[in-house]
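Q: Okay, here's the prediction I keep looking at, along with the sequence it came from:
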Amino acid sequence: MLKDDKIPTNRSSIQLDLPLLGRLTIIQRICLTLVVLIAGATLSAWMYQPVSRLLPAVSMRMKANTCLVSLCSALCLALSEHKRGHRMLVAGRMLAGFAVLVAMLAALQLHFHASFGMNNLLVSKAWLPPPTNGIGLSPAFFLAVLCLAGVLMRIPRRFAAISADVLVCGISFLILIVGAAYLFGAKRFGALVHEAHLSPQTLVCLLLLSCVIILRKSESGFFAILSGVGIGSKIARIVCPFALLLPFLLNFGERAIIRRGWMTASFAVAMSSSAAALLAFFLILVLAWRINALEKSVHDLSLRDDLTQVYNRRGFYMLAEQSLYLAQRSSAPFSVLFIDLDDLKRINDSLGHDVGSSFLHEVARLLKRSFRKSDVIGRIGGDEFAVAGEAGKVTILRAVERMNQATEAWNAQPGRTYSLSFSYGVVTSNGSQNESLEDLLDRADQAMYAAKRHKKQMRGSDPDRRAAD
């Protein structure tokens, strides 16, 4: 069984975006720091009258016990990070247990009108009357659920992970209700709120703690889709903010228009509904463009060679066959160039594979500079390249000559231990509709090896087959 401090951050099949998780961790710490500062300053004002004179009067609307439980919740989440040790994790669980106990007792006290002494906790001798020190039903219930979810996240059990997902969904629902009711000026919203209004500090602390718990849960489980590297994760990160904020913004705008008398209620509803439909339609179009762009990126990754950034064997065959088919339909000439880099094995053995890789990369760069953008360039073997395109033999030989001149200029640069050299063969389609790309490549390959044997004979070497090269 894994110890708590060795629990993997992601137990799902989703590949996480580690740089994104690093940024989210920084955001979590900033949120927790703000909660500690707000709740700590307000609690100090409750306990010490001189401190209260330094804060605005509205700060005292956040109850003392609410400050205490908020502080415990923030410290619990801070000590429950995955990089923390076992002792800190135990301390965080103890703080969470204390916060849950205080919050639940306060909720029960308010609901049943009983007296568990919760209003006298910590500040029983404060300079303000004890009844004003209690914690409201809404923040009590909310903070209890939040601390419980924070503890369940670090338990390596499937049931605990599923329970944490459910609790985080509940927290998201509650914070949306509380925030929306506060935004729309609701004086009372059911059994969720006991007091007339949440204080601004309490609402801010609840929002910050909710943000932390949701970001923390995005490291594993159901919410891990938000931190993945896949197309679905990237789309979810785009859509979620709009899906969450647009309904509230539209409703808030509708209420503001009606309140100011700019238009009738029915027309304001019609306008907000139309705006929602238009924004949803626009969002779908943006997502479609984004999906197409991501799909093209994935497609290019599957067809391109990582080292040289030209097409790999699969990509070359796919695009070159399509180009050959179009040339045959229009009865246009079609040429194939087959290139083999000379002495790559000797370069790898003498200078290392890194230098050999740089030579391959340089050949690809020279090919892209020498040939047209419409030509299909691919690396179809270890040291073998091919170019295919709708062109006559004269046209493609001119491009080869440009490449020879660029190669000579590259070899003339100082500090070159080995010269870059290659052998090539060129064939042009005879216009036969039955001639395949494979046939043209075979003919170009034979022409290339004939040129390579001739080159070796000129240097006084024995001609060998491919294995000897």
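A: Happy to help now that I have it. Numbering: from 1, shown residues only.
Q: Walk me through the domains of this structure.
A: 4-229, 313-458 (automatic domain parsing).
Q: Ala288: which of those is closest?
A: Across the domains of the chain, Ala288 has its closest neighbour in domain 4-229 (19.7 Å, Cβ to Cβ). All C-beta spots, glycine's among them, are computed from the backbone N, C-alpha and C.
Q: ok now that closest one, how far from the chain's centre?
A: Distance, stretch centre to chain centre, for domain 4-229: 26 Å (Cα atoms, centre = their mean, to the nearest Å).
Q: just stretch 291-303 next, same as before
A: On Cα atoms, centre = their mean, the centre of stretch 291-303 falls 16 Å from the chain's centre.
Q: Please apply the same query to stretch 347-365.
A: 34 Å.
Q: Can you give the contact residues for whatever helix or strand Val204 lives in?
A: Assigned by DSSP states H and E, Val204 belongs to helix 200-217. When contacts are defined by Cβ atoms under 8 Å, 6 or more residues apart in numbering, helix 200-217 is touched by residues 24, 27-28, 31-32, 34-35, 38-39, 42, 58-59, 61-63, 66, 70, 73-74, 77, 136, 139, 142-143, 146, 149-150, 153, 164-165, 168, 171-172, 175, 178-179, 182, 198, 223.
Q: try stretch 405-415
A: Glu362, Leu366, Arg369, Ser370, Arg416, Ser419, Leu420, Ser421, Phe422.
Q: which residues of the chain score low on pLDDT?
A: For the chain, applying pLDDT under 70 flags the ranges 1-13, 57-59, 107, 109-138, 183-197, 299-301, 430-433, 459-469.
Q: could you point out the longest helix in it?
A: helix 265-303 (DSSP state H).
Q: how about that one: buried residues?
A: Neighbour-count burial for helix 265-303 flags Ala268, Ser272, Ala276, Leu303 (criterion: 16 or more other Cβ atoms under 10 Å).
Q: For Asn292, see how far away Leu303 is.
A: Between Leu303 and Asn292 the computed distance is 16 Å (Cβ to Cβ, to the nearest Å).
Q: same deal with Gly425?
A: With distances taken as Cβ to Cβ, Gly425 is found 39 Å from Asn292.
Q: ok, back up a step: need the buried residues of helix 265-303 in JSON lines (columns: distance to Glu321).
A: Converted to JSON lines, the buried residues of helix 265-303 look like this (distance: Cβ to Cβ, whole Å):
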{"residue": "Ala268", "distance to Glu321": "60"}
{"residue": "Ser272", "distance to Glu321": "54"}
{"residue": "Ala276", "distance to Glu321": "48"}
{"residue": "Leu303", "distance to Glu321": "13"}
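Q: hmm, back to that, need the domains of the chain in a markdown table with mean neighbour count, can you?
A: Listed next are the domains of the chain as a markdown table, based on neighbours: other Cβ atoms under 10 Å:
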| stretch | mean neighbour count |
| --- | --- |
| domain 4-229 | 18 |
| domain 313-458 | 17 |
